[in-house]
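K.L.:
I would like the atomic coordinates for the input below:
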Amino acid sequence: MLIFSRCNWCQFGGDNKSVVNDVGAVNGHSGTTASSVAGGARGAESPSQANQDTVDNATPTCWWAAWSAMGCFGSPGAKSGEDDAKSQKRRSDAITRQLQKDKQLYRATHRLLLLGAGESGKSTIVKQMRILHVNGFSDKERREKIEDIKKNIRDAILTITGAMSTLTPPIPLEKPENKARVDYIQDVASQPDFDYPPEFYEHTEELWKDQGVQRTYERSNEYQLIDCAKYFLDQVHIIKRADYTPTEQDILRCRVLTSGIFETQFVVDKVNFHMFDVGGQRDERRKWIQCFNDVTAIIFVTACSSYNMVLREDPTQNRLRESLDLFKSIWNNRWLRTISVILFLNKQDLLAEKVLLGKSRLEEYFSEFARYQTPPDASPDARDHPEVARAKYFIRDEFLRISTASGDGKHYCYPHFTACTCASTSCSNAATKPTEKSNLRRHWPDSRHPLAARPPTPSLSLRFVF
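P.N.:
Residues are numbered from 1 along each chain as shown. Predicted coordinates:
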């Protein structure tokens, strides 16, 4: 027997509890009285006694819930299973749609891998991308760069003054009284916990004016000196100020060793780019293979001004020859034979300075340069000295000889002359102009050359260039 209390939905029941038998006969809903039902079920017992016992021992409930539990309105298990199936399908469809969106976004994103020997300017290119195509550097990031810039100044003056006695022949100071300043730089400023007091800047400024230090700087190809040494040593009077904030040019010039893999994301003309910067030193190159998967293009960066310099990690190896060897190994790598290479012939400004200075002649390091002639239909910058143009095209052709040697036609090399520390976009005009077959034929008149039939440079490899 079941007892029913008042239900807010059916409004059945009340103070006088109603009894229903196992088949659902309810007092007030059927013609059978509770006492007669109970009497029939209890036999000899009196109807009133049976009815009272049933009421006292039963649990009040709603008649609608009871009938639902007995399956009078369909199977509750089937309805629950149907709802679960619909919910799972909705979740599955949502996941499928998201995966499709992610796949489309992945395919629409161009992944650019920056490769090259150490100190070729790869990280500077990444900084240019941030300045031109992201939001640049915040005030907080600029302040954080102050410590790196001060370290560049310290490393530069430490290296130059230390080289004065190691060069052959040694170079003396112009002013003997500056010997105490050199001792301070070598003994005090070289400490790892050095905090750059005012006297450091005073000693550095005075030493930089010394002609002996200047002559040592001019022979910097004979020892390892960072490229930004002159730039920051000329700016000491500004950098030493308490309110100094680095400019974009300061950040571009600042040298920090890259170790590991760094990713920069930016958008150009509604196209997504992911640029990966990896260390260029020999011990960092083993990490490059991690970035080769699904690369859209490789940007190979070489420092053209390094023709008279040697590697930090191997003093017997010329830097430019190391770059050529590295380019050859990448170009002929079987995993990269379908990936085109954008060649940045970087540091053209420093190359011009060295060529015009005339103290380090290119033919002394590359004997074949003595017989090289600038291509008659080359298009150098109007401001280029003839010898500068001859040097830059010679270096370009050394790389193109490697890229055209295989002749498989599966990937191409797109050379561009760059100066990545140039703050003006004019330095990138050549890189932003699509390479046409006609331009290639001017460089390589032989139409049978495999590169003579190459297609125009894909826009993805050009539009983002600073």
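K.L.:
okay, and for the stretch 151-300 of the chain, where does confidence drop off?
P.N.:
259, 279-293 (pLDDT under 70).
K.L.:
where exactly do the strands run in it?
P.N.:
261-268, 271-278, 297-303 (DSSP state E, counting those that start in this stretch).
K.L.:
Mean neighbour count, those: which tops it?
P.N.:
Among the strands of the stretch 151-300 of the chain, ranked by average contacts under mean count of other C-beta atoms under 10 Å, first place goes to strand 297-303 (a mean of 25). (Glycine included, C-beta is placed from N, CA and C.)
K.L.:
tilt between that strand and strand 271-278?
P.N.:
50 degrees (axes from the mean of the first three to the mean of the last three C-alpha atoms, to 10 degrees).
K.L.:
Export the strands of the stretch 151-300 of the chain as a markdown table, with columns for distance to A370.
P.N.:
Listed next are the strands of the stretch 151-300 of the chain as a markdown table, based on distance: least, C-beta to C-beta, whole Å:
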| stretch | distance to A370 |
| --- | --- |
| strand 261-268 | 41 |
| strand 271-278 | 36 |
| strand 297-303 | 21 |
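K.L.:
so who does the nearest residue to I395 once chain neighbours are set aside touch?
P.N.:
Sequence neighbours aside, C304 is the residue nearest to I395 in space, at 5.0 Å (criterion: C-beta to C-beta, 6 or more residues apart in numbering). Taking C-beta atoms under 8 Å, 6 or more residues apart in numbering, we find C304 in contact with L320, L345, N346, K347, Q348, L350, L351, A391, K392, I395.
K.L.:
Return the backbone torsion pair for the first one.
P.N.:
Read that as L320. Dihedral pair for L320: phi -70, psi -40, per degrees, to the nearest 10.
K.L.:
for the second one, same thing?
P.N.:
Its backbone dihedrals place L345 at phi -80, psi 90, with angles given as degrees, to the nearest 10.
K.L.:
D397: neighbour count?
P.N.:
The number of residues packed near D397 is 17, by other C-beta atoms under 10 Å.
K.L.:
what secondary structure does it sit in?
P.N.:
Secondary structure, DSSP: H, G, I helix; E, B strand; the rest coil: D397 is helix.
K.L.:
Could you check the pLDDT of it?
P.N.:
D397 is assigned 96 on the pLDDT scale.
K.L.:
how does this protein divide into domains?
P.N.:
Per automatic domain parsing, the structural domains of the chain span 2-69, 108-115+258-461, 139-253.
K.L.:
quick one: pLDDT of H133?
P.N.:
With respect to pLDDT, H133 has a value of 84.
K.L.:
before we move on, what about the one 5 residues further on?
P.N.:
As predicted, S138 sits at a pLDDT of 91.
K.L.:
What is the neighbour count of it?
P.N.:
A count of nearby residues for S138, using other C-beta under 10 Å, gives 9.
K.L.:
Show the pLDDT at L113.
P.N.:
86.
K.L.:
In terms of helix, strand or coil, where does it fall?
P.N.:
Following three-state DSSP, we place L113 in the strand state.
K.L.:
circling back: between the strands of the stretch 151-300 of the chain, which one is closest to D227.
P.N.:
D227 lies closest to strand 297-303 among the strands of the stretch 151-300 of the chain, at 8.0 Å (C-beta to C-beta).
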